[in-house]
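> Sequence first, predicted coordinates after that:
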Amino acid sequence: MENRLIILICAVVIITLTIIHFIMGSVHPLRSAFVSLVPGLAALGCVDFTSIYTGVFIPLSPLTLSISAVLGIPGVTCLLILRQIL
């Protein structure tokens, strides 16, 4: 059940980003959505991968995946700062 929820949230994020880029007048809205989605998820993956060495980790949940997908690298940075503060 958890995997279906994650897949559904990822699909909704991709569709939402595509609609936003389409409304903003992008020539290639799907490509623009993936260009803004991939760096955030890659940064979250790098943080998760290096957590063994650094001791700093962000638990993977639908919320953290959505934040990193929509906000990108600044979103992951904000999650890291919040993780250290809280």
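Arrived safely. Here the structure is a predicted model, which is why all the values come from computation and not from measurement. Numbering: from 1, shown residues only.
> pLDDT weak spots in this structure?
For the chain, the stretches flagged by pLDDT under 70 are 1, 6, 10, 21, 26, 29.
> show me where this structure has helices.
Secondary structure of the chain (DSSP state H): helices at 2-23, 29-49, 51-54, 62-71, 73-85.
> Buried deepest among the ones you listed, which one?
Of the helices of the chain, the one with the most neighbours on average (mean count of other CB atoms under 10 Å) is helix 62-71, at a mean of 18. C-beta: built from backbone N, CA, C; applies to glycine.
> For that helix, which helices and strands make contact with it?
helix 2-23, helix 29-49, helix 73-85 (3 or more CB pairs under 8 Å, 6 or more residues apart in numbering; DSSP states H and E).
> closest one to S61 among the ones you listed?
helix 2-23 (8.8 Å; CB to CB).
> How about residues contacting that closest one?
Residues outside helix 2-23 that contact it (CB atoms under 8 Å, 6 or more residues apart in numbering): P29, L30, S32, A33, F34, S36, L37, P62, L65, S66, A69, V70.
> which ones are touching the fourth one?
I take that to be A33. I14, L17, T18, I20, H21.
> where does it sit relative to R4, distance-wise?
22 Å (CB to CB, to the nearest Å).
> so what's L44 up against?
Contact partners of L44, counting by CB under 8 Å, 6+ apart, are I58, L60, T64, L65, S68, V76, L79.
> Apply 7 Å and report the result again.
I58, T64, S68, V76 (CB atoms under 7 Å, 6 or more residues apart in numbering).
> just the residues you listed now: which is nearest G25?
Nearest to G25 out of these is S68 (CB to CB; 25.5 Å).
> I'd guessed the closest one sits against C78; true?
No. Counting by CB atoms under 7 Å, S68 does not reach C78; the two are 9.6 Å apart.
> Count the residues that sit near T50.
12 (other CB atoms under 10 Å).
> From V35, how far off is it?
Applying CB to CB to T50 and V35 gives a distance of 24 Å.
> go on, G25?
Look at G25 and V35: by CB to CB, they are 15 Å apart.
> P62 now?
22 Å.
> how about T50, phi and psi?
Phi and psi for T50, reported as degrees, to the nearest 10, are phi -90, psi 0.
> Tabulate the contacts of L44 (CSV), appending distance to Q84.
Below are the contacts of L44 laid out as CSV (distance: CB to CB, whole Å):
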residue, distance to Q84
I58, 11
T64, 15
S68, 16
V76, 13
